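> any chance you can model this:
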Amino acid sequence: MKKIYLLVLIVFIYINTIKQAGAQDRVATLIGDTCAGGTLTASIPTGSSISQIKWFIDTTLLTVRSTWVRYGVAVAGNRPGLGDGQLYQPMGIYVDKNKNIYVVDAGRQNVTRWAPGATKGVVVAGGNGKGAALNQFYTPGDIVVDKNRNIYVADNLTYSVRKWASGAKTGTIAAGGNGGGGGLNQLFGVAGICMDRFGNLFIVELWNARVTKWAPGAKAGVIVAGGNGLGSAANQLGGPRGVGVDYAGNVYVSEISNSRVTKWAPGATAGVIVAGGNGSGIAANQLSAPSELSVDSAGNIFVLDGGLRIQKWAPGAAYGITVAGGYGSTATNDTTHMDRISTSAGIFVDARENIYVSDLFQARIREFSRGILSNDQLNDATAGYYKVEITGFAGRVFKSPVLHVADIPLLVPGPVTGNKTVNSNQVVKYTLTSYIQGATYTWEVLNGTVLSGQGTPSASIKFGTENTTIYLTASSACGISRRKTIPITVRPPVSPDTITHIQNKQVVVNLYPNPATNTTSIAFTASKPAKYELTLTNMLGKTLLKQKGNVIMGSNKIYLNVATLNKNMYVVNLKYDDKAIQFKLQKQ
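Predicted structure coming up:
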């Protein structure tokens, strides 16, 4: 019996040891610059492969990445130009099953086909100068190629989609071509195009805020999405740009103005949001000016978001996965940062989910293929509290400790609230209207004292009796700001006011309290009964209060209610008998 008990105890201890070791092993590493603007790097222990990385800032899921290579590879062009092997302004792209890449070059008004590994393309459409003739293009944009290698190109300012049969020297009109307008035989603002398995063309019309479907040989289209004016309602489109269609005939439309992708089932009169729709932004559940998109047979949506990243949204997903880009923008002629996407104008996703991107200003086509992640980086990190959650291929989840990234102090602290004109010995509270979490704020004042709030964005200061200056500096581990100066005007001290008016020896008038908050009194001695008149004016002479009454021979006291007056300096005038006396009153 004892042996069985010992055996059970040993097994129990072993299992718990393994569990604890496993829990300790499942820690992701998150390192990097702890000042805003730097780079953070996330990884897991050597030998573990990554299937997904989630980046969080505070409580927001910021970015999700999966198994695509970080750095794209140029597969066509690489610098803008008009020579062999160059592209000028690449726009729409299409890749056939043999990996031939078709590129619309808006700068050269042609379409070139690049065989796998080729160093230059072959013109297969256009190339006869800019124009509206059928062997020309005017403003070519998006492209689709059918199974017979017929080429269809959206040509915006000819309000048409042009079809070039394989090997043809001139094109024909496949849709539109009847001038720009809202008729069903017209197109207006031709943006994206795609084709379903039956050869039907789907055309996004930006200015008509609709998508029309054109059957092969049709003379007019049928509205399949939008068509109810520009807007954000479920039956409207806002800045439609890209279009895709799945195997079941559902149409997907990216909307720049609404930062969303909507899905329109066959025959539907309204769309359903399937990506974005949570305001414009860069969080994983948001889109920001989405443009081109591609949809695979399973309904996965790949959308070019803001020209800076490509997001994959699976059917029913609450957020997108970043599959290319998202590492910052690039300069116009930057060909070195191959992990960045900027000013991209077209995307294509093949059956293996390899992603092709046209870089407009870098004049190239890049491929981002499926691959294995060993770590990931987040560039230009803003201030906040970061953590990562990494899933390995075996399903193990690794979580990192929280890493605080502090903001860099502003060059000079921002606006400060609080009176700039104060009374002698007054206590005033000053507060920064915007401030950096975690920074230390140093308040200094000449001819005064910081009573409380030192080190914080809000401080109470007691002033002396002379004009002075407040100095404010922000500092943190990430640097120190320049000193902000706040000039302060201090009113001179006012003591209980005693006015001596000489006539037949002496008359004394006392004003107390002065400064006053609610009520002050005026005490004086009269040599005989008389009437009095009392007025209170501002420093510009405008009368604000006036009262009259009688005085008796001997001691008199008149009460003045100043509760409704603003804090300021005022002038009191007292007339009685043949006397006129003037003195200053300060309201606090």
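
> kindly report the domain assignment for the chain.
What automatic domain parsing lists as the domains of the chain is 26-36+45-67+374-405, 70-371, 416-491, 497-587.

> which one of the ones you listed has the poorest average confidence?
Note on these: domain 497-587 shows the lowest mean pLDDT, a mean of 81.

> distance from that one to the middle of the chain?
Its chain's C-alpha centre and that of domain 497-587 lie 61 Å apart, by C-alpha atoms, centre = their mean, to the nearest Å.

> swap in stretch 253-264?
Taking C-alpha atoms, centre = their mean, one finds the center of stretch 253-264 at 18 Å from the center of the full chain.

> any idea how far apart the tips of it sit?
8 Å (C-alpha to C-alpha, to the nearest Å).

> now swap in stretch 122-130 and tell me
Using C-alpha to C-alpha, the two ends of stretch 122-130 sit 18 Å apart.

> circling back: would JSON lines of the domains of the chain with mean neighbour count be doable?
Just so you know, the C-beta spots here come from the backbone N, C-alpha and C atoms, and that holds for glycine as well. Shown next, in JSON lines, are the domains of the chain (neighbours: other C-beta atoms under 10 Å):
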{"stretch": "domain 26-36+45-67+374-405", "mean neighbour count": "17"}
{"stretch": "domain 70-371", "mean neighbour count": "20"}
{"stretch": "domain 416-491", "mean neighbour count": "16"}
{"stretch": "domain 497-587", "mean neighbour count": "14"}
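
> report the contact partners of the closest residue to residue 518 other than its chain neighbours.
Nearest residue to residue 518, sequence neighbours excluded (C-beta to C-beta, 6 or more residues apart in numbering): residue 563, at 4.4 Å. Listed by C-beta atoms under 8 Å, 6 or more residues apart in numbering, the contact partners of residue 563 are 517, 518, 519.

> residue 563 and residue 519, how far apart?
7 Å (C-beta to C-beta, to the nearest Å).

> same check on residue 125?
92 Å.

> ditto for residue 379
Distance, residue 379 to residue 519, by C-beta to C-beta: 66 Å.

> same question for residue 330.
From residue 330 to residue 519 the distance is 71 Å (C-beta to C-beta).

> again, but for residue 74
84 Å.

> repeat that for residue 292.
From residue 292 to residue 519 the distance is 75 Å (C-beta to C-beta).

> contacts only, for residue 338.
71, 72, 73, 74, 366.

> quick check, central residue of the protein?
Closest to where the C-alpha atoms of the chain average out (C-alpha atoms, centre = their mean) is residue 281, at 5.3 Å.

> just the element for the nearest residue in space to residue 414 that is not next to it in sequence, please.
Spatially, and ignoring its direct neighbours in sequence, residue 414 is nearest to residue 434 (5.0 Å; C-beta to C-beta, 6+ apart). Following DSSP states H and E, there is no helix or strand that holds residue 434.

> correct me if wrong: residue 434 contacts residue 416.
No: in this structure residue 434 lies outside contact range of residue 416 using C-beta atoms under 8 Å: 10.2 Å.

> skipping adjacent residues, who's closest to the residue nearest to the centre of the chain in space?
Looking at residue 281 with C-beta to C-beta, 6+ apart, the closest residue is residue 288, at 6.0 Å.

> show me the contacts for the one you found.
259, 280, 281, 282, 305, 306.

> and the last one, how far from residue 61?
Noted for residue 306: a distance of 18 Å to residue 61, by C-beta to C-beta.

> next: residue 85.
Taken as C-beta to C-beta, the span from residue 85 to residue 61 is 42 Å.

> residue 99 and residue 116 touch, don't they?
Yes: the pair residue 99 and residue 116 qualifies as a contact (C-beta under 8 Å) at a distance of 4.6 Å.

> tell me the phi and psi of the residue nearest to residue 281?
phi -140, psi 100 (degrees, to the nearest 10).

> for residue 271, see how far away it is.
For residue 288, the distance to residue 271 - C-beta to C-beta - is 19 Å.

> go on, residue 79?
Residue 79 is 40 Å from residue 271, by C-beta to C-beta.

> please apply the same query to residue 319.
20 Å.

> next one: residue 338
Where residue 271 is concerned, residue 338 sits at a distance of 36 Å (C-beta to C-beta).

> equivalent analysis for residue 529, please.
91 Å.

> now residue 543
69 Å.

> in this structure residue 175 contacts residue 161, no?
Yes: at 4.2 Å, residue 175 counts as touching residue 161 under the criterion of C-beta under 8 Å.
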